[in-house]
Each structure stands twice: as structure tokens, then as C-alpha cells.
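**Student:** Curious how this folds, go ahead:
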Amino acid sequence: MAIFGWRAVHNLLPTRAAISTKGYSGDLRCVVCSSAVEHLFCQCNLTREIIGASPFFIQLSSLSWKEWFLERVTSMTLESFDKLLVLLWSIWKNRNDKLWRDRSQTGPRIVASTMAWFDEYSRANRVSEDTDRSQPVSRKKWTAPVEDVLKLNVDGAFLPSIPYGGTCGVIRNAQGLFIAEYSYRSAFYGLELLLAVNITKAVVESDCLVAVQATKSLADDLSDLGALISEIKGLVAAVGEVTVCFANRQANMVAHRLASHSFDSNIRLDWFTNAQEFILDDLMYDHHRI
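**Tutor:** Okay, the predicted model is just below:
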């Protein structure tokens, strides 16, 4: 999101107006509202509808886009600016959906879905107000499992525009030592791996709060992913003593680094004994913080 903001304020996003300086000679009108030269963030009717309403109430300005953006940085609270930045990213995504798929959302729909996502992300990463801040927050770092239990940290990489994704995982013991890792386009391969190597006591951690909640729920999942969630629950029960829990992104960095590898390859890859070199630094970092 920060990279998006930096590219936007420096006019580095590939708008029609921007790429016209590099040889593009097609239609220069706004993709979303079809008026004038593309003006996605400052003058577009859709953007004005969104930022002119609650919770921002930002009125039309004669400032340039960069001046307008910097004024928001200095005049808004951090939380409000974070919401604005996420909304601007959603507007950009909506513009691309309109351009490439001829599919766009209304202003209220964009605001509702974006704020729901933002609130979920904030809750997942916010320290509870009643936490004793004089004590270290355990979820901010990777914690080792108890003796005789292994921990499997998992993560995934997905893009809505591509009909597949990838998952990965790393298994460590109570001393924080590497046991195994995998990379594969399967949401439940980590659990299958535990079964294959006869691991019956494990903690499975993910930084996707929605997935953790769905897996732990006793109710049937009626969403489009219900069948997948049901299969994951079945594998959890088959392994044995498995605890599924949420971990903050900082506590899941090894799996997070592996995620891009699983996305790029459609081949199942397993590593035992020796971890891949590009995650060694994160493994050592977690090990020394136990």
C-alpha cells in the first residue's frame, strides 16, 4: 500500500495520460467517468463522490494532485489517512477492473467493501486495549511450541485476476529448529504433509484471521469456500492433536517469504533437514528471539 501511495503521488501509475508520454496514442478520457483527460484521484466524479462523503467530507480543490495528497498527509489523523490511502487503492483497482474487464463498482459499494477489509485488518493487528503494555506482546514474534509438539506456519499468495494461488509452510520444533518446508498450489498440503510423516501433535499458525476463524468454527461454512473449509477440518481431525491459531504477520515472516515462491511454481516442492537459503535469516531471527 505504501508503494502504491508513493507511485501515485509521483504520477508513476500507468494512467492513460501518463503512458501517452511514452508513445500511447489512444483514448485519453477517464476510464471510469469518460470525461476529459484521465484524472483518477482529484477530479473524477466517482472519487469526488467517495471522498466527499463520510467519513472524509473532502471537498473539490484546485490544488494539483501532489499538493492535494501532501495536504491530506499533514491535515489528517494517521488512522483517517490510512483509510483514505486504502480507498484510493480501491479506486485504482476499480479503474483497472473497468478497463480490463468492463466491470466496475458504485461508490458506496467500494467504500463498504474497503472499510470492511480495513476494519478486519486493523482488528487482526491491534493490541487489545486491556493488554498490559509493560509486558512483551507474544504474537509480535514467533513463539516455539511446547516440547514434543511441532509448529507449522502457513501462508499463501493469491491474485484475484488469476484462477490459482499457492501455499507454503515451514515446520519447526520446540527449540525453534527447522524440520521441513514445502511449497505447493494446495490449500491443505501442509496438513497432508503432517499426516505423511506421522506427526500427530502440532500447532498450525496462519496470519489470515478469516481462515483461522472458519477452520475453528463448529458451524458449517455456507460460503463458496465451504467445501474447502470442510476438507481442511477433516484433515485437522485426521492428524490428531492439532491446534489452529492466528499469528500476527511479524510472527509468520518465514512462511510469508515462502509464499511468493509457492505462487510462482506449480510443482510440489519439499525440503527436509536444510532450509532454502533465502529464509535462513528469518529462521535464525526467530530462533534467537525464543
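
**Student:** Against residue 56, how distant is the nearest residue to residue 140 once chain neighbours are set aside?
**Tutor:** Once flanking residues are discounted, residue 140 sits nearest to residue 250: 5.2 Å by Cβ to Cβ, 6 or more residues apart in numbering. All C-beta atoms are positioned from the backbone trio N, CA, C, and that covers glycine. Going from residue 250 to residue 56 by Cβ to Cβ, to the nearest Å gives 30 Å.

**Student:** Kindly report the same for residue 278.
**Tutor:** Counting by Cβ to Cβ - residue 278 and residue 56 are separated by 41 Å.

**Student:** re the thing from before, any idea how far the residue nearest to residue 140 is from residue 236?
**Tutor:** Distance from residue 250 to residue 236, by Cβ to Cβ: 25 Å.

**Student:** More neighbours: which of these two?
**Tutor:** residue 236 (20 against 14; other Cβ atoms under 10 Å).

**Student:** Which other helices and strands does whichever helix or strand the more buried one is part of contact?
**Tutor:** Following DSSP states H and E, one finds residue 236 within helix 226-239. The contact analysis (3 or more Cβ pairs under 8 Å, 6 or more residues apart in numbering; DSSP states H and E) places helix 226-239 against helix 189-196, helix 209-216.

**Student:** now that helix: mean pLDDT?
**Tutor:** Averaging pLDDT along helix 226-239 yields 89.

**Student:** Kindly report the same for stretch 150-169.
**Tutor:** So the average pLDDT for stretch 150-169 ends up being 78.

**Student:** measure that stretch end to end?
**Tutor:** Using Cα to Cα, to the nearest Å, the span of stretch 150-169 from its first residue to its last is 12 Å.

**Student:** That one: which residues count as buried?
**Tutor:** Within stretch 150-169, the residues that count as buried by 16 or more other Cβ atoms under 10 Å are 150-157, 165-169.

**Student:** Thanks again, I'm all set now.
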